[in-house]
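In: based on what follows, work out the 3D shape:
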Amino acid sequence: MEEVKSAPITGDSIKPHKNLVVEVLPIVPDCPINEHSRIQVIDGVQVDRDDSIGFQVSQAEQCAQSCRMSMYPDGSRLPLLCRSAQFDRNNQKCSLFSDSINPNGFLEYQPNQHVIYMEKICIPDNVLPITCDDVFRRIPQHILLGHATDVISVSSEQECILECIKSKTMRSKTCHSILHYPDFPSLNCILNVHTRHTKQQYFIPELSFKVDYVEIAKCVTETAIGADSESIGVGSVLSEWSEWSTCDDETSTRSRQRHCNGCKEMIQFMPCFSNNKFDVALQQFILEQQNKEMLKESELSPQEDAANVQQVIKFPQNTATLSNSMVSNKSVEFFGPPQELAKQSEKQELPRKPIRAMSSF
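Out: Prediction:
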């Protein structure tokens with residue numbers, strides 16, 4: 001049988017049609033239009049399932065960037081849209097997931113002091129400019145006891161975070177942290193002017209209800225709320241585009257121009273992530289955690305402020321302690337400190353209800 005040979009593909013055979021409508025899409029549509037992703041970090045937990053995609057990287061920042069762009073470190077596209085990632089300090093493994101942990105997703109998690117968990121959250125550009133790219137710190141099952149600047153009802157933890165960011169203009173108060181109770185249908189978001197740093201003695205574990213403490217990124221309180229800007233949009237005229245420019249450290253964007261006459265859109269922008277923004281913020285966060293651990297081991301004495309300061313109970317760090325602390329995978333204990341360690345703090349009675357009705361100190 002005679003072999004049929006196909007005609008070679010030449011430049012003329014793939015020349016685009018002059019009247020073909022071209023739509024320029026972002027590389028990674030991880031957020032709705034006019035929104036961009038930020039990173040929320042939990043230090044000390046790991047996703048309780050096998051990773052969807054895993055590979056080796058030398059730093060947590062590389063893992064976070066791969067998830068933000070939904071790309072491998074070599075620049076090739078992932079077969080999924082990444083929503084969360086974790087970096088294991090022991091084996092330098094980066095694991096990517098198409099979902100996020102409870103309550104923002106359906107994945108469960110468990111304590112692991114060697115793992116940094118990172119999750120993408122989408123924030124509108126008119127609420128927070130993309131130049132603000134610091135890390136949001138999240139600590140499960142901890143509260144600021146007796147402190148509530150405002151108590152509102154929200155449909156999700158992300159909405160609670162957005163209300164905190166907008167608090168300066170909407171409520172004339174600068175919100176620095178939030179508490180979110182996902183199991184309560186209303187009055188489930190507490191906005192606070194204080195943080196675990198300004199009110200350390202009131203930062204304690206919560207074992208009665210599922211709750212997340214989230215510390216707002218530092219640049220939020222330093223950045224004015226941006227105004228709505230006119231959308232550049234997507235043109236419908238075929239034209240040649242220039243190469244994307246390098247990432248602008250000041251605006252965290254790159255641009256390209258359209259070479260045509262009479263086009264409606266002559267320039268387009270897309271977000272980019274520079275080493276001078278998010279990477280530096282994440283490195284600073286990791287360094288602060290390491291310094292705190294070193295100071296605690298070398299300087300903190302058992303008698304220091306024992307009468308006034310409630311020490312934060314750590315997650316269990318070994319399998320034996322973890323098995324003793326878990327009643328079931330759906331129990332509150334699974335999301336917080338072990339019961340036996342919690343007994344050491346019985347002198348401070350934990351609330352049986354969320355501190356929704358308590359006023360700010």
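In: surely Gln110 meets Val45?
Out: Yes. Gln110 is in contact with Val45 according to C-beta atoms under 8 Å; the separation is 6.7 Å. C-beta here means a position set from N, CA and C on the backbone, and glycine is covered the same way.
In: so for the two, which residue has more residues nearby?
Out: Comparing Gln110 with Val45 by other C-beta atoms under 10 Å, the one with more neighbours is Val45, at 21 against 16.
In: phi and psi next, for that one.
Out: phi -130, psi 150 (degrees, to the nearest 10).
In: got the contact list for it?
Out: 101, 109-112, 115, 117, 140, 315 (C-beta atoms under 8 Å, 6 or more residues apart in numbering).
In: how about a markdown table for these, with secondary structure and distance to Pro182 added?
Out: Shown next, in a markdown table, are the contacts of Val45 (DSSP: H, G, I helix; E, B strand; the rest coil; distance: C-beta to C-beta, whole Å):
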| residue | secondary structure | distance to Pro182 |
| --- | --- | --- |
| Ile101 | strand | 12 |
| Tyr109 | strand | 14 |
| Gln110 | strand | 18 |
| Pro111 | strand | 19 |
| Asn112 | strand | 22 |
| Val115 | strand | 22 |
| Tyr117 | strand | 17 |
| Pro140 | strand | 11 |
| Phe315 | coil | 19 |
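In: tell me which residues in stretch 199-215 are buried?
Out: For stretch 199-215, the neighbour count (16 or more other C-beta atoms under 10 Å) marks 199-200, 202-207, 209-215 as buried.
In: quick check: phi and psi at the closest residue to Ser153 other than its chain neighbours.
Out: Spatially, and ignoring its direct neighbours in sequence, Ser153 is nearest to Ser186 (4.2 Å; C-beta to C-beta, 6 or more residues apart in numbering). The phi and psi values for Ser186, taken as degrees, to the nearest 10, are phi -140, psi 160.
In: circling back: between all of the buried residues of stretch 199-215, which two are separated the most?
Out: The distance between the two most remote of the buried residues of stretch 199-215 (C-beta to C-beta) is 23.1 Å, for Gln200 and Lys210.
In: quick check: phi and psi on Val214?
Out: The phi/psi pair for Val214 (degrees, to the nearest 10) is phi -130, psi 130.
In: again, but for the one 5 residues further on
Out: With angles defined as degrees, to the nearest 10, Cys219 sits at phi -70, psi -20.
In: quick one: it and Asp133, what's the gap?
Out: As judged by C-beta to C-beta, to the nearest Å, Cys219 and Asp133 stand 7 Å apart.
In: more neighbours, these two?
Out: Each of Cys219 and Asp133 has its neighbours counted (other C-beta under 10 Å); Asp133 has more, 25 against 16.
In: just the pLDDT for that one.
Out: With respect to pLDDT, Asp133 scores 82.
In: would you verify that it is located in a helix?
Out: No. The assignment for Asp133 (DSSP: H, G, I helix; E, B strand; the rest coil) gives coil, which keeps it out of a helix.
In: my guess is Ile204 meets His142, correct?
Out: Yes. Ile204 lies in contact with His142 (C-beta under 8 Å); the separation is 6.9 Å.
In: check contacts around the closest residue to Gln92 other than its chain neighbours.
Out: Distances taken as C-beta to C-beta, 6+ apart put Gln56 closest to Gln92, at 5.6 Å, once the chain neighbours are dropped. Residues in contact with Gln56, defined by C-beta under 8 Å, 6+ apart, are 91-94.
In: filter those to the buried ones?
Out: Buried subset of the contacts of Gln56 (neighbour count, 16+ other C-beta under 10 Å): 93-94.
In: could you find the closest non-adjacent residue to Asp150?
Out: Leu191 (4.2 Å).
In: so where's the stretch 101-250 of the chain uncertain?
Out: Scanning the stretch 101-250 of the chain for pLDDT under 70 picks out 223-244, 249-250.
In: what are the ranges of the helices in it?
Out: Taking DSSP state H, counting those that start in this stretch, the helices of the stretch 101-250 of the chain run over residues 157-165, 167-170, 218-222.
In: and of those, who's closest to Gln62?
Out: helix 218-222 (22.0 Å).
In: and that closest one, which residues are buried?
Out: Buried residues in helix 218-222 (16+ other C-beta under 10 Å): 218-220.
In: next one: stretch 100-116
Out: In stretch 100-116, residues buried by neighbour count (16+ other C-beta under 10 Å) are 100-104, 107, 109-113, 115-116.
In: now do stretch 72-92
Out: Neighbour-count burial for stretch 72-92 flags 78, 82-88 (criterion: 16+ other C-beta under 10 Å).
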